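K.L.:
build the 3D model from these lines:
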Amino acid sequence: MAPRDDSLQSISIQLDGKNYAYWSYVMKKFLRGKTVWGIVTGDKKKPTYEKANNYATLLDSWETDNSKISIGYDTTKEVWDHLARLYTQSNFAKQYQLEFGIRALQHNNLGFQEFYAAMSDLWDELALTEPDVLKAFKLYIDR
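P.N.:
Residues are numbered from 1 along each chain as shown. Sure thing, here's the model as predicted:
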């Protein structure tokens, strides 16, 4: 019996155009777990040295991994870069939107678990909009 290929197993977060930062964070972790993140970043390059003894095997493996996540593009890196350009908003606009959502959520009639889950999602997305340069400052982190 052949091993089960769960490479197309989905993640729980769906990209909706407003949650790109959070979605990309979750997707990056998912793709790392599937050992194909190097293809997305372009670090794991398509084999080109045709005289190598295992060239056909390496090429087949790379093309198989690449085809698992590329749709409408030649490489998964092109897909990832396209999504980043399409959905990345300025941090200020995204932060404002998330902070507004956090304040607005306080007025909803949700159960505790629903409220906590929704609030946690918004806070997680907000944390992803912080510039990396601020994350290096201990005073900023300890606030």
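
K.L.:
what's in contact with the host helix or strand of Ala84?
P.N.:
Applying DSSP states H and E as the criterion places Ala84 in helix 76-87. By CB atoms under 8 Å, 6 or more residues apart in numbering, the residues outside helix 76-87 that reach it are 15, 17, 20, 24, 36, 39-42, 66, 69-73. The way it works is simple: take the backbone N, C-alpha and C, and place the C-beta from them, glycine included.

K.L.:
with stretch 41-51 instead?
P.N.:
36, 38, 55, 58-59, 62-63, 65-66, 75, 77, 80.

K.L.:
what of stretch 68-75?
P.N.:
Stretch 68-75 has contacts (CB under 8 Å, 6+ apart) with 7-8, 31, 34, 36, 39-40, 42, 46, 66, 76, 78-79, 82.

K.L.:
any of those residues buried? List them.
P.N.:
The neighbour count (16 or more other CB atoms under 10 Å) marks 31, 36, 39-40, 66, 76, 79 as buried among the contacts of stretch 68-75.

K.L.:
any chance of JSON lines for those residues, columns secondary structure and pLDDT?
P.N.:
Converted to JSON lines, the buried ones among the contacts of stretch 68-75 look like this (DSSP: H, G, I helix; E, B strand; the rest coil; pLDDT from 0 to 100):
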{"residue": "Leu31", "secondary structure": "helix", "pLDDT": "87"}
{"residue": "Val36", "secondary structure": "coil", "pLDDT": "87"}
{"residue": "Ile39", "secondary structure": "helix", "pLDDT": "88"}
{"residue": "Val40", "secondary structure": "helix", "pLDDT": "87"}
{"residue": "Asn66", "secondary structure": "helix", "pLDDT": "84"}
{"residue": "Thr76", "secondary structure": "helix", "pLDDT": "84"}
{"residue": "Val79", "secondary structure": "helix", "pLDDT": "85"}
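
K.L.:
noted, bye for now.
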